[in-house]
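In: quick one: sequence plus predicted model below, questions after.
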Amino acid sequence: MPSPTTAYVARTLLAMAIALYAALWLQLSSPASAAVTVMIVANPSRGGIVSKGLWRVFGTITGAVAAVVIMALFPQQPILFILAFGFWLGLCTFASSMFRHFRAYAAVLSGYTVALIAAGAISSPDHVLAFALSRLAVVTLGVVTSTVVTMIFQPSVTTDAMRVRARAALRGVASLLLSRAAGNPMDDAAFTAERTRLAGEIERLDEVVEFSGVEATDVNRHAPSIRRGLAAMYAALLSVSAAGASLSRLTEPRAGPLPEDRSDAEATEARRAVAGHVVDVLQAVQRYDPQDDRAPMAMAEHLASIAREVTALQGNARTVEEEATLARVHQELQQLYETVAPFAAWRANQAPFHGLRRLRAFKDYATAVRNGTRGMIAVVLGGLFSYITAWPSGPTLLIVLASACALLSGAPSAAAASTNFAKGITLSTVIAFVWEFGVLPEISGYPLLFLTIAPILAVGIYASTIPKYSLQALGFVVFFITQLGIANEMSFNVVAYLNNGIAFSLGAWVTVLVFQVILPPNPMRDAKILTRRIRRSVERLIRSGGVHRDRLGWLVTQNQAMQRLFMRLQGNPALRSQTIGDCGALLMITQEALRLHSLLSGLNLPKAEAAEAQAALHRLCRLREPRRAANAADRASGSLLALAGRFEEPRPGVLRAAASFRTISALMPQAERFLALEAPLRGGA
């Protein structure tokens, strides 16, 4: 059996061969674009192919309509046409920064499709509709061919991949919990590296859910609930260090003797038993590999049962430290339960576990405005250069500039991405020249033609599966096919090729310059803005007390913001790893604050203690002063602990509130370190 990568390369090559042959047989005006489309929509998963293909067709349609309208409005007014095109591309690039997954790709495609159509219609604007229809036909042909080949030769469905990868991520979180509980320090290199890897894997699972929903209607119905489950898993991962340390403290009494006092001995024995059950269920999650659809439900029920045992034990807690420890373990078990339950409900064909409430996507307005403005300025300047110089290959320069500026705006490090993209395009220009003038003139017939270019394409497609070379390989394959100029009647014109080759390479390297000069990306500035957005959202949630709020829905949106923040910090791995842990501390503070709102509303506290507790909660709505918030939480914890000591009978609610304030005070230094990202920072892109 071939490896998945080998099978993917073979499927893509086969689809490209069929699409190119069909385009030549149908005598479409740009047959190479059918093969280019296959490469662009290529995806290892069936759902990914269908999703990207549908959005590519949609983006091509909207871009074709825009091209016809703009050309009709300004047929003999090149300056106005360039300005209108620049505005449209900027608008589409702005929109792409507001969307997720292939919706973002459809937006940028709508923008640069105008350049692809206008390049052929500038000299004959009356034929713009024909060029638009031809473009739509060749793109649709490539999408349909790629989809059909994948459906036939890709046996596994995307939902299988979703289940396998979600289980692997869940097992990884449980392994980290047990590792931390066993005493592995939180700053251990292997621990932090695995936590960072799992964070990236859970982020990518959202895209797999999107693809699965396209392929399977039942997944689409459960998708909002499953995404909430992934948000709970992400929260469990971010708080894994604190939860693991709490579990370690919970299991410490195992080796000690029982107290002589009967009641204390019974409580210690109960704590030992529950600690053993928690470790057992985490080990079961670590080995989790369901063989039938009943297993996820059984695992969810097992987690819920152990969480209830911890809750019962909380009612007998004697110290604030014990209560805080149990609360942290309970919260982690609850998050794991909220992760497994949506998958269990889906596999059991039940109603979505977390309901069908609509999720709000995180909108990064600042980045979107910058990307849109940069794209508009670059295209207008490139268009004016082409117009003033009257260079015959000026439209080609504009195509490369528009497509690269739009496509690369969403990359975590756009400057580095543009450099890799430019390297791929430059290499394709050289290799395509050798093939077009040294190889293709010596052959005849389509089979031999494709066989001569297949090895080059295979190497490029394989390289595109390696993250380090993916952009470079994509640029190489797409522009290698484009520059070969394959047609039913080949024309071997060296001067024309060199003109276009220079335009392709110049456009690619001008794009690099654009990302370094025109509103260049600044990761630390973006981190500052994102940190401010996260802080304000946390403050609003705490201020509202979580009343009538979809907590997990809110968490989905915040996770997206945090993921963007982690992407911006990729250039500083140490800071990124530290920030992942600090975000976990902020989420735990938020959870404790919401728990306090609920606890305090049910406690009949004396006036002084009630006022101090409310003042401490109010401080959490002003997180720009974290030390004052920590001091207020510490005072409230001490006041409530003293109050609990004055009662003859145990008051678990008061002790629980004191423990929550104590936890907030202990976690606030980490949150303060995270919030420091909001302060003015030095450092460029």
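Out: Perfect, thanks for sending it.
In: what does stretch 582-597 rub up against?
Out: 235, 237-242, 327-328, 331, 534, 538, 541-542, 545-547, 551, 555, 558, 562, 565, 613, 617, 620, 656-657, 660-661, 663-664, 667-668, 670-671, 673-675 (Cβ atoms under 8 Å, 6 or more residues apart in numbering). All C-beta spots, glycine's among them, are computed from the backbone N, C-alpha and C.
In: may I see the buried residues of that stretch?
Out: 582-597 (16 or more other Cβ atoms under 10 Å).
In: before we move on, the earlier item: now the buried members of the contacts of stretch 582-597.
Out: 235, 237-242, 327-328, 331, 534, 538, 541-542, 545-546, 555, 558, 562, 565, 613, 617, 620, 656-657, 660-661, 663-664, 667-668, 670-671, 673-675.
In: filter these down to just the ones in helices.
Out: Using DSSP state H, the subset of the buried ones among the contacts of stretch 582-597 located in helices is 235, 237-238, 240-242, 327-328, 331, 534, 538, 541-542, 555, 558, 562, 565, 613, 617, 656-657, 660-661, 663-664, 667-668, 670-671, 673-675.
In: worst-scoring helix or strand of this structure, pLDDT-wise?
Out: The weakest-scoring helix or strand in the chain, judged by mean pLDDT, DSSP states H and E, is helix 262-286 (a mean of 80).
In: show me what that one is in contact with.
Out: 170-171, 173-175, 177-178, 181, 247, 250-251, 253-254, 258-259, 299, 302-303, 306, 309-310, 313, 316, 318, 322, 329, 333, 336.
In: circling back to that earlier point, keep only those of the buried residues of stretch 582-597 that are in helices.
Out: Per DSSP H, those map to helices at 582-597.
In: now the helices for the stretch 251-400 of the chain?
Out: 262-286, 295-314, 320-347, 365-389, 394-408 (DSSP state H, counting those that start in this stretch).
In: which of the ones you listed sits most buried?
Out: helix 394-408 (a mean of 26; mean count of other Cβ atoms under 10 Å).
In: so for that helix, what's the average pLDDT?
Out: Mean pLDDT, helix 394-408: 88.
In: what's the angle from it to helix 365-389?
Out: 170 degrees (axes from the mean of the first three to the mean of the last three Cα atoms, to 10 degrees).
In: helix or strand right after helix 394-408?
Out: helix 414-438 (DSSP states H and E).
In: list the buried residues in the helix or strand just after that following helix.
Out: Counting by DSSP H and E, the next helix or strand C-terminal to helix 414-438 is helix 446-464. Going by neighbour count (16+ other Cβ under 10 Å), the buried part of helix 446-464 is 449-450, 453, 456-458, 460-464.
In: cool, stretch 178-189 as well?
Out: Those would be 178-181, 184, for stretch 178-189 by 16+ other Cβ under 10 Å.
In: how near is residue 592 to residue 609?
Out: Distance of residue 592 to residue 609, computed by Cβ to Cβ, to the nearest Å: 18 Å.
In: typo on my end, it should be residue 175
Out: As judged by Cβ to Cβ, residue 175 and residue 609 stand 42 Å apart.
In: still on that earlier bit, ok, the ones in helices among the buried residues of stretch 582-597 vs residue 20, which is closest?
Out: Residue 20 has its nearest neighbour among these in residue 583, at 47.5 Å by Cβ to Cβ.
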